[in-house]
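Here's a sequence, model it:
(one chain, ligands or ions: 2)
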Amino acid sequence: MMEESVENSADVPIIDVSLLHQNPVSKSTLVKKIHEACRTYGFFHVINHGVGESVIEEALDVNRKFFEQPQEIKGGAFLDDVNKVVRFGKVQVGGYSRDLLKLYAHPLHQFLSSWPTLPVLYRERMGLYATELKLCIELFGAIMESLHLSETHLTQNFEQGIQILGINSYPPCSRSNITTGIPPHSDHSLITVLLQSGPGLQVIDCGGSWKNVPRLKGSFQVLIGDHLEVLSNGLYKSVLHRAIPSCSDTRLSIANLHSLGMDEIVEPAGRAGE
Ligand SMILES: O=C(O)CCC(=O)C(=O)O
Ligand SMILES: [Fe+2]
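Ligands and ions are numbered 1, 2, ... in the order given. Below you'll find the model as predicted:
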């Protein structure tokens, strides 16, 4: 349980991904902005990311329907076993619990047949969502450049690496101002691309205070994870974050965690951060 109130909004940098394709000048300005965002905040919004609005809405909708199903259909309780392709269960923190569904997503053809079959369109819609997030590969290239590494540094390893979808469903809580739906943590990934159905995400700023992350329609939030902190030799900090449930609605979030392959070792890259 947390008892402090968080009134201030974080000043979240906005990265317009379409500028990566315009011309070398706009690309290099954007890469500098990414560098600042990763160093100072460890997270940023991305806009003009090319993922269709309907793909996003349908991903949220199909998950809302998944969590609304009776327990017998949702199945579950494998949360502790990281080797399971699909894990589902309740996570309790203090007196509050949220539902969590975790899906291995890459390579999709290997995992899709293990994903939930109900609601009927689950695999189709989430498969499309997971595939559209190819945007991460482009972003990763820009982040490598922002570290003065080659744009293609580790691209193949990243492309062939892990993609895990962590889907959180936070039931409404009338004492939502004093409840942490997901406790403070950093993600283990290189980068996480986050989608939420409503407000509630908070990050810790460089002064150590919790700040609300403002909502920006159509955007994703990109969070720097522990592996990128290592890869960047500590220059980019993985961001400490948490989420608060709504007092009136079920809140959903889809965290898309990307990193290198399970058996690869992430280590500081040669010239990172020079
Ligand atoms: O629900 C959110 O906004 C954050 C979720 C999150 O941090 C996670 O799943 O790792
Ligand atoms: Fe997280």
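
then the lowest-mean-pLDDT helix or strand in the chain to PDB, C-alphas only?
Lowest by mean pLDDT, DSSP states H and E among the helices and strands of the chain is helix 71-74, with a mean of 84. Taking C-alpha atoms only, helix 71-74 is exported to PDB below (Å, rounded to 0.1, in the frame of the first residue of the first chain):
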ATOM      1  CA  GLN A  71     -12.200 -18.700 -14.600                       C
ATOM      2  CA  GLU A  72     -12.700 -22.200 -16.100                       C
ATOM      3  CA  ILE A  73     -12.200 -20.700 -19.600                       C
ATOM      4  CA  LYS A  74      -9.200 -18.500 -18.700                       C
END
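
Buried residues of that helix, list them for me.
Using 16 or more other Cβ atoms under 10 Å as the burial criterion, the residues of helix 71-74 that qualify are Lys74. C-beta coordinates here come from the backbone N, C-alpha and C atoms, glycine included.

check whether the helix or strand that comes right after it contacts ligand 1.
Note on helix 71-74: by DSSP states H and E, the next helix or strand toward the C-terminus is strand 86-93. No: Strand 86-93 is not in contact with ligand 1 by Cβ under 6 Å from any ligand atom; minimum separation 10.0 Å.

The chain should start at 26 in everything you say after this.
Taking 26 as the first residue, the last one we looked at is strand 111-118.

Now strand 111-118: average pLDDT?
Confidence for strand 111-118, expressed as mean pLDDT, is 90.

Neighbouring strands of the helix or strand following it in the sheet, and parallel or not?
Sequence order places strand 121-129 as the next helix or strand after strand 111-118, per DSSP H and E. Partners of strand 121-129 in the sheet, by DSSP bridges, are strand 111-118 (antiparallel), strand 187-195 (antiparallel).

Phe91 reaches Asp124, doesn't it?
No: applying Cβ atoms under 8 Å, one finds Phe91 not in contact with Asp124, separated by 9.2 Å.

give the contact list for the residue in the chain positioned nearest to ligand 1.
The minimum distance from the chain to ligand 1, using Cβ to the nearest ligand atom, falls at Ser278 (3.1 Å). The neighbours of Ser278, taking Cβ atoms under 8 Å, 6 or more residues apart in numbering as the test, are Ile192, Asn193, Tyr195, Leu219, Leu220, Gln221, Ser222, Gly225, Leu226, Ala268.

again with Ile40
Ile40 neighbours (Cβ under 8 Å, 6+ apart): Leu55, Lys58, Ile59, Ala62, Phe69, His70, Val71, Ile72, Val247.

among those, which are within reach of ligand 1?
With the criterion set as Cβ under 6 Å from any ligand atom, no member of the contacts of Ile40 is near ligand 1.

Now restrict those residues to buried residues only.
Among the contacts of Ile40, those classed as buried by 16+ other Cβ under 10 Å are Leu55, Lys58, Ile59, Ala62, Phe69, His70, Val71, Val247.

related to what we said a few turns ago, name whatever forms a beta bridge with the residue of the chain closest to ligand 1.
Ser278 has these beta-bridge partners by DSSP bridges: Asn193, Gln221.

can you tell me how far the residue lying closest to Asn73 once chain neighbours are set aside sits from Gly243?
With sequence-adjacent residues excluded and distances taken as Cβ to Cβ, 6 or more residues apart in numbering, Asn73 is closest to Ser43, at 3.9 Å. Taking Cβ to Cβ, to the nearest Å as the measure, Ser43 and Gly243 are separated by 12 Å.
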